[in-house]
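this is a predicted model, with the sequence first.
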Amino acid sequence: MNTLDQYGFTDRIGGLFSFHFPAPTVAEPARIVRADRGRVLAASRRGIVHIDGGTSLVTGDWVAIKPAGSVLGCLPRSSLLQRKRAYDPLSEAQVLGANIDLLGVVVPLDRPLSANRLERTLVAAWDSGAVPLVILTKADLSTRFDDVVAETVQRARGVEVYTTSAEDLDGLENLRGRIGAAQTLALLGPSGAGKSSLINALVGDRRQHTGTVRAGDGKGKHTTTARELVPLGDGSVVMDTPGLRGFALWDAETGLSEVFGDIEDLFDECRFRDCAHDPEPGCAVQAAVELGRLEERRWLSYRKMERELASLHRRQEVAEQRHHTRSFQRVARDAVLAKDHRNRLGKGR
C-alpha cells in the first residue's frame with residue numbers, strides 16, 4: 001500500500017480529483033497530514049512531502065500539488081470541525097480539521113464526568129458533519145466504572161459509546177471495527193484524557209508522545225501540539241488533536257438541535273408562541289423542570305449555548321455592517337477623487 005492509500009485515498013476521492021482537476025492539469029493528489037504555523041506536511045504517492053500551503057490548509061484536507069511542491073487547489077471539504085477562536089472580539093472561526101468521518105469525543109474515566117463539556121463537544125461534533133462517537137478511556141483507572149458509563153450513555157442520548165483501556169487493550173477491537181477501512185476518526189477531548197495513548201494502542205506502536213497527569217485534578221500537559229493524521233494500516237487514519245480547555249461554539253444551531261432536540265420539542269407545547277421559557281404561564285419547559293422530566297442543569301446548559309450563539313451572530317452582523325460601510329465609503333471616496341481628477345484635466349485645457 002503506497003503512502004497516499006495509507007491516508008484514506010479511495011476510488012471515490014480519485015474521482016473527485018479527476019472532476020475538479022481534469023487532464024491535462026499537471027498535478028497529483030495529496031492529503032494534509034499536519035499543518036502547523038505554515039509548515040505543512042502532506043502524504044502523496046511519493047511519500048511524505050513538505051509543501052508551501054500558507055495558512056489556509058488544515059489537517060485532513062485533500063489537495064492537488066504540482067511537481068515543485070506548490071498547491072494547485074483543494075477539494076471541497078466533506079466535513080469541517082471548527083470553533084470560535086478564544087478571546088477573539090472579531091468572532092472568527094478556527095478550523096480544527098477537515099474531511100472527518102467519525103468524531104470521537106474522548107471522556108477519561110479517571111475523573112468526574114463533566115456533563116456540560118460532553119454536551120458542548122457533542123454539539124460541535126454533530127455540527128461538523130461527521131458522525132459523533134463517545135470514547136471512554138482509562139477504564140483500568142476507574143473506581144466508579146459502571147456509574148460513569150451509565151451516566152455517559154444517558155448524557156450522550158443515542159450516540160454510540162465505546163469503553164476502552166489503552167493499558168489493558170480492552171475495548172480496542174470494537175472501536176477498531178467501528179472505524180472501518182479508509183475512514184478518518186478525529187479525537188477531541190481535554191489534556192490528559194488519553195488520546196495519544198489510545199492512538200498508540202490502536203496502531204500497536206508508540207507513535208505519539210504521552211505524558212503523565214496530576215493526581216489531584218487529573219489534568220495533563222499538552223503532549224500533542226498540532227493536529228496530525230496517524231495511519232492505522234488499512235487506509236483508515238486517526239487525527240490526534242491538542243487538548244482543549246474550552247470549546248467556544250461557531251454557528252452550531254444544527255448540532256444544538258441534535259443534542260437538545262427533546263428540549264426544543266417542548267417549545268411547541270407552550271401556551272404562547274412567543275414564550276420566553278422563563279417562569280410564565282403555560283410554559284412547557286418550566287413545567288417539565290418542575291415535574292422532573294427535564295433536568296434543570298441540562299436546561300441551563302442549553303440556554304447558555306443558545307445565548308452564546310445569539311451573541312456570536314450579533315457580533316457577526318455588526319462586523320458585516322462595518323465591512324459594508326467601509327466598502328461604501330471607499331467607493332464614494334474613489335468617485336470623488338475621480339471627479340476631481342476629471343475637473344483638473346478640464347481646467348488644464
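Cool, got the structure. Residues are numbered from 1 along each chain as shown.

strands of the stretch 51-200 of the chain, start to end?
For the stretch 51-200 of the chain, strands defined by DSSP state E, counting those that start in this stretch occupy the ranges 62-65, 71-74, 80-84, 93-98, 102-108, 131-137, 160-163, 184-188.

quick one: the second one to chain centroid distance?
A distance of 22 Å separates the centroid of the chain from that of strand 71-74, by CA atoms, centre = their mean, to the nearest Å.

list the buried residues in it.
V71, C74 (16 or more other CB atoms under 10 Å). C-beta here means a position set from N, CA and C on the backbone, and glycine is covered the same way.

now the fourth one
Applying a neighbour-count criterion of 16+ other CB under 10 Å, the buried positions in strand 93-98 are V95, L96, G97, A98.

of the strands of the stretch 51-200 of the chain, which approaches A276 most closely?
strand 80-84 (25.3 Å; CB to CB).

who does that closest one pair up with?
strand 93-98 (antiparallel) (DSSP bridges).

what sits against E258?
Contacts of E258 were listed using CB atoms under 8 Å, 6 or more residues apart in numbering, and they are L122, V123, W126, D127.

which one of those is nearest L102?
Closest to L102, out of all of those and judged by CB to CB, is W126, at 12.3 Å.

coming back round to it: and the strands of the stretch 51-200 of the chain: which comes nearest R307?
Comparing these by CB to CB, strand 80-84 comes nearest, at 13.6 Å.

the inter-axis angle of the closest one versus strand 184-188?
20 degrees (axes from the mean of the first three to the mean of the last three CA atoms, to 10 degrees).

quick one: mean pLDDT over strand 80-84.
Averaging pLDDT along strand 80-84 gives 83.

same check, this time on stretch 301-320
For stretch 301-320, mean pLDDT rounds to 75.

any idea where the strands of the stretch 201-349 of the chain begin and end?
228-231, 237-240.

save these as TSV, and put in mean pLDDT and mean neighbour count too.
Formatted as TSV, the strands of the stretch 201-349 of the chain follow (pLDDT from 0 to 100; neighbours: other CB atoms under 10 Å):
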stretch	mean pLDDT	mean neighbour count
strand 228-231	94	21
strand 237-240	93	26
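
can you redo those as JSON lines with distance to V149?
Formatted as JSON lines, the strands of the stretch 201-349 of the chain follow (distance: least, CB to CB, whole Å):
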{"stretch": "strand 228-231", "distance to V149": "27"}
{"stretch": "strand 237-240", "distance to V149": "22"}
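
how about those, which one is nearest L175?
Between the strands of the stretch 201-349 of the chain, strand 237-240 lies closest to L175; by CB to CB that is 10.1 Å.

and the closest one, which strands flank it?
strand 184-188 (parallel), strand 228-231 (antiparallel).

between those strands, which one is closest to E290.
strand 184-188 (35.0 Å).

what does that closest one rub up against?
By CB under 8 Å, 6+ apart, strand 184-188 touches 8, 60, 81, 96-97, 99-106, 121, 124-125, 130, 133, 135, 179, 195, 198-199, 227, 229, 236-241, 244.

in this structure, where is pLDDT below threshold?
38, 53-55, 85-91, 205-225, 243-248, 250-251, 313-329, 331-332, 334-342, 345-349 (pLDDT under 70).

hey, what's the residue positioned nearest the centre of it bridged with?
The centre of the chain sits closest to L81, judged by CA atoms, centre = their mean, with a distance of 2.5 Å. When bridges are called by DSSP bridges, L81 pairs up with G97.

was I right to think it contacts L103?
Yes: in this structure L81 lies within contact range of L103 using CB atoms under 8 Å: 6.7 Å.

which residues do the two both contact?
Joint contacts of L81 and L103 (CB under 8 Å, 6+ apart) are A125, S128, A130, A186, L188.

tell me how far the second one lies from L80.
Note on S128: its distance to L80, by CB to CB, to the nearest Å, is 6 Å.

more crowded one of these two?
Higher neighbour count among S128 and L80: S128, with 24 against 19, using other CB atoms under 10 Å.

so who does the residue lying closest to the more buried one once chain neighbours are set aside touch?
Leaving out its chain neighbours, the residue that sits closest to S128 by CB to CB, 6 or more residues apart in numbering is L81, at 4.3 Å. Counting by CB under 8 Å, 6+ apart, L81 makes contact with V95, L96, G97, A98, I100, L103, A124, A125, S128, A130, A186, L188.

tell me which element L16 is part of?
For L16, the enclosing helix or strand under DSSP states H and E is helix 11-20.

tilt between the helix or strand just after that helix and strand 184-188?
Using DSSP H and E, the helix or strand that follows helix 11-20 in sequence is strand 28-36. Angle of strand 28-36 versus strand 184-188, following the same axes, to 10 degrees, is 10 degrees.

packing partners for strand 28-36?
Contact here means 3 or more CB pairs under 8 Å, 6 or more residues apart in numbering; DSSP states H and E; on that basis strand 28-36 packs against helix 3-6, helix 11-20, strand 39-44, strand 47-51, strand 62-65, strand 228-231.

thanks a lot, catch you later.
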